[in-house]
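> sequence plus the predicted model coming up.
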Amino acid sequence: MIHYVGVATLKSLLHNIGIENFILKLVQYLEDDFAAWHSFEKSARVAAHSSSGVIELMPISNAEFYGFKYVNGHPANTQKGLPTVMAFGALAAVETGLPVLLSEMTILTALRTAATSAMTAKLLTIPKNKTHALIGCGAQSEFQALAMKAVLGLTDLRVFDIDNAATQKLLSNLQNHGFTLTACTSVEQCIEGASVITTATAAKTRAKILTKDMVKAGTHINGIGGDCPDKTELEKELLDKCTLIAVEFEPQSRIEGETQQNTNLPVVELAHLLKHPHNHKDTDITLFDSVGFALEDFSALRLIYDLVKNDQNYKLDLIATPQNPKDLFSMINLLVS
Ligand SMILES: NC(=O)c1ccc[n+]([C@@H]2O[C@H](COP(=O)([O-])OP(=O)(O)OC[C@H]3O[C@@H](n4cnc5c(N)ncnc54)[C@H](O)[C@@H]3O)[C@@H](O)[C@H]2O)c1
């Protein structure tokens, strides 16, 4: 029997711990794992692209655990009643290969993406005020808002989406979470004076949500929606204006991130930034060119496993482990009395 965390179980774990506390715990797990960067066997994800989206496998391992996530990205899915991003993942013991955890990861992906964004924002900026501008009010958005609040204290939340129903959904979801909420009617109004701008839009195109002239000095951009070949959110010239561009794993980010638009631009990996902190200046424009890396899922799976590993309730008979390991057949031999 392996541990199993489905949607209902994750919901009850989050209810007990609190969403912001969970995010803060996850930031610690992320910092520990990114600090141990060189101990991981890393590879860019294996992606199967189609005209409607992408399906990916994201594996990673260290001496103790092997983890992987199955995840998709289909921007038109919401018109079919399905989320843009859906995922599940597993953790296995490297010593034996025995899977120890199977987990839902659609919600967990939103949590880990938000926790990584907030961890990175903390590394790259000292907010000049409490304002977070969030563009794109879809499935990821509330998680991003809560993470920036938990880690950086950004409680003045300004939001914009081309879909007013998505904006209203966010306002309703976050009304009792300690934010001052403002719905904006344009990107320009939304980003005015903000310390951090998050772009979390979904369109399989080279979008220009933010352009060079829109972003002022002293701003950190948290770009999470440009995460596939030919799927970007920022104007190419804005990238030239950035003082520092942080990425998760350069070989993957060069293909999938904003810097696919100019592969000559220098980037700094998060693991390096954790060891060599950025010397922040008020004139900086910093960018987290987030695409999502397997290590973030590994950290999230590790946290979930630590939370449930001593609880006998969350079990699933996914793996056949016969009493006599050489006698697999007797597990299914219906004629045996
Ligand atoms: N970097 C990562 O690790 C990571 C992880 C998860 C998701 N993502 C990406 O983040 C993005 C958001 O994901 P989601 O699950 O919230 O998607 P979603 O489809 O639920 O929401 C996207 C929202 O963006 C809005 N939008 C689209 N174009 C816009 C524009 N020009 N201006 C303003 N709003 C616009 C849509 O109306 C929608 O409400 C996707 O592109 C997804 O692939 C990245």
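Received the coordinates, thanks.

> for Leu301, which non-adjacent residue is spatially closest?
Among residues not flanking Leu301 along the chain, Leu91 sits closest, at 4.5 Å (Cβ to Cβ, 6 or more residues apart in numbering). Using the backbone N, CA and C atoms, a C-beta is placed for each residue, glycine as well.

> OK, contacts around the one you found?
With contact taken as Cβ atoms under 8 Å, 6 or more residues apart in numbering, Leu91 is in contact with 65-67, 99-101, 103, 298, 301-302, 305.

> so what strands line up beside the strand or helix carrying it?
Secondary-structure element containing Leu91, defined by DSSP states H and E: strand 87-93. Counting by DSSP bridges, the strands paired with strand 87-93 are strand 65-73 (antiparallel), strand 99-104 (antiparallel).

> nearest to Thr116, out of the ones you listed?
Closest to Thr116 of the strands paired with strand 87-93, according to Cβ to Cβ: strand 65-73, at 13.6 Å.

> ok, is the closest one in contact with the ligand or not?
Yes. Using Cβ under 6 Å from any ligand atom, we find that strand 65-73 touches the ligand at Gly73.

> in the stretch 51-200 of the chain, which spans are strands?
Under the criterion DSSP state E, counting those that start in this stretch, the stretch 51-200 of the chain contains strands at 53-61, 65-73, 87-93, 99-104, 131-135, 156-160, 180-183, 196-199.

> got the contact list for the residue in the chain that the ligand sits nearest to?
As assessed by Cβ to the nearest ligand atom, the ligand sits closest to Gly138 within the chain, at 1.7 Å. In this structure, Gly138 makes contact with 78, 84, 161, 166, 200-202, judged by Cβ under 8 Å, 6+ apart.

> ok, which of those residues also contact the ligand?
Applying Cβ under 6 Å from any ligand atom to those, one finds that 78, 84, 161, 166, 200-202 fall near the ligand.

> return a PyMOL selection command for the buried portion of those.
A single PyMOL command selects the buried members of those (16 or more other Cβ atoms under 10 Å):
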select buried, resi 84+161+166+200+201+202
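
> got a markdown table for the ones next to the ligand among the contacts of Gly138, with distance to Glu41 too?
A markdown table is the format used below for the ones next to the ligand among the contacts of Gly138 (distance: Cβ to Cβ, whole Å):
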| residue | distance to Glu41 |
| --- | --- |
| Thr78 | 35 |
| Thr84 | 29 |
| Asp161 | 39 |
| Ala166 | 39 |
| Ala200 | 30 |
| Thr201 | 33 |
| Ala202 | 31 |
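
> leaving out the residues flanking it, which one is nearest to Lys236?
Closest residue to Lys236 apart from its sequence neighbours, by Cβ to Cβ, 6+ apart: Gln261 at 4.4 Å.

> pLDDT score assigned to the closest residue in space to Asn77 that isn't next to it in sequence?
Of all residues not flanking Asn77 in the chain, Thr84 sits nearest, at 5.2 Å (Cβ to Cβ, 6+ apart). Note on Thr84: pLDDT of 94.

> what does Gln312 give?
pLDDT recorded at Gln312 is 89.

> interface residues of the protein facing the ligand?
Selection of the chain residues close to the ligand by Cβ under 6 Å from any ligand atom yields 73, 78, 84-85, 109, 113, 135-141, 160-163, 166, 200-203, 207, 209, 224-225, 227, 290-292.

> correct me, but Phe22 touches Ala110?
No. The pair Phe22 / Ala110 is not scored as a contact, 11.5 Å apart, by Cβ atoms under 8 Å.

> now the common contact residues for those two.
By Cβ under 8 Å, 6+ apart, no residue touches both Phe22 and Ala110.

> thinking again about what came up before, which of the ones next to the ligand among the contacts of Gly138 fall in helices?
Applying DSSP state H to these, the entries found in helices are Ala166.

> now, among the ones next to the ligand among the contacts of Gly138, which is nearest to Lys128?
Checking the ones next to the ligand among the contacts of Gly138 one by one against Lys128 (Cβ to Cβ), the nearest turns out to be Ala200, at 21.8 Å.

> if you skip the residues just before and after it, what's nearest to that closest one?
Gly136 (3.8 Å).

> quick one on the thing from earlier: the residue nearest to Asn77: what's it in contact with?
Counting by Cβ under 8 Å, 6+ apart, Thr84 makes contact with 73-75, 77-78, 138-139, 202.

> now, which of these sits nearest Tyr29?
For the contacts of Thr84, the nearest to Tyr29 is Ala139 (22.2 Å; Cβ to Cβ).

> doesn't Gln144 make contact with Ala200?
Yes. At 6.0 Å, Ala200 counts as touching Gln144 under the criterion of Cβ under 8 Å.
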